[in-house]
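In: fold the following for me, if possible:
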Amino acid sequence: AALTVRFLTRRFIGEYGDMEFIYSHNLTVDGREILLHIWDVPNSQEQAEDGSSEEKRIQWADSFVLVYSICDRASFNILPLKVQFIKAAKEGQSQEKVPIVIVGNKRDLHHQRVVSSEEGRLLALSLDCGFYEVSAAE
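Out: Reported below is the predicted structural model:
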């Protein structure tokens, strides 16, 4: 949620509850106006739900940004299953590659890092995903 709010408002808010939100945002890319709809789901909520709720979100979306904390190994370790689930649901219907980006957040907390940048890059490469490491706070 912090990363989504930072992208939409350019402000950082550190604490969020486990609530799900859908945001709409206009963006100009290469001179074209694009309307984005962002369905932001906390990881703890995804883990508590059944697969049908997650599959509904996957069918709704055109692309995916999967965020993990560089300070939380469990949030990183679940990524391969999430990517496989997304690809099975989306690419099974068509031959088009689904755009997926893996983002390591909390780069500013390097002293608490438990997942290296190299691990993130290698995982993204092995799953055929994009990769970035960022700090919503900065």
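
In: okay, now residue 110: neighbour count?
Out: Here the number of neighbours of residue 110 (other C-beta atoms under 10 Å) works out to 11. Glycine gets a C-beta too; all of them are placed from N, C-alpha and C.

In: let me redo that: residue 30
Out: Neighbours of residue 30 (other C-beta under 10 Å): 5.

In: let's number from 52 now, not from 1
Out: Yep, numbering from 52; the last one is residue 81 now.

In: tell me the predicted confidence for it.
Out: Listed pLDDT for residue 81 reads 94.

In: distance of it relative to residue 187?
Out: Distance of residue 81 to residue 187, given as C-beta to C-beta, to the nearest Å: 26 Å.

In: one more: residue 180?
Out: Taken as C-beta to C-beta, the span from residue 180 to residue 187 is 20 Å.

In: how about residue 158?
Out: For residue 158, the distance to residue 187 - C-beta to C-beta - is 9 Å.

In: between these two, which has more neighbouring residues?
Out: A side-by-side neighbour count of residue 158 and residue 187, using other C-beta under 10 Å, places residue 187 first with 21 against 16.

In: wasn't the more buried one part of a helix?
Out: No - the assignment for residue 187, made by DSSP: H, G, I helix; E, B strand; the rest coil, is coil rather than a helix.
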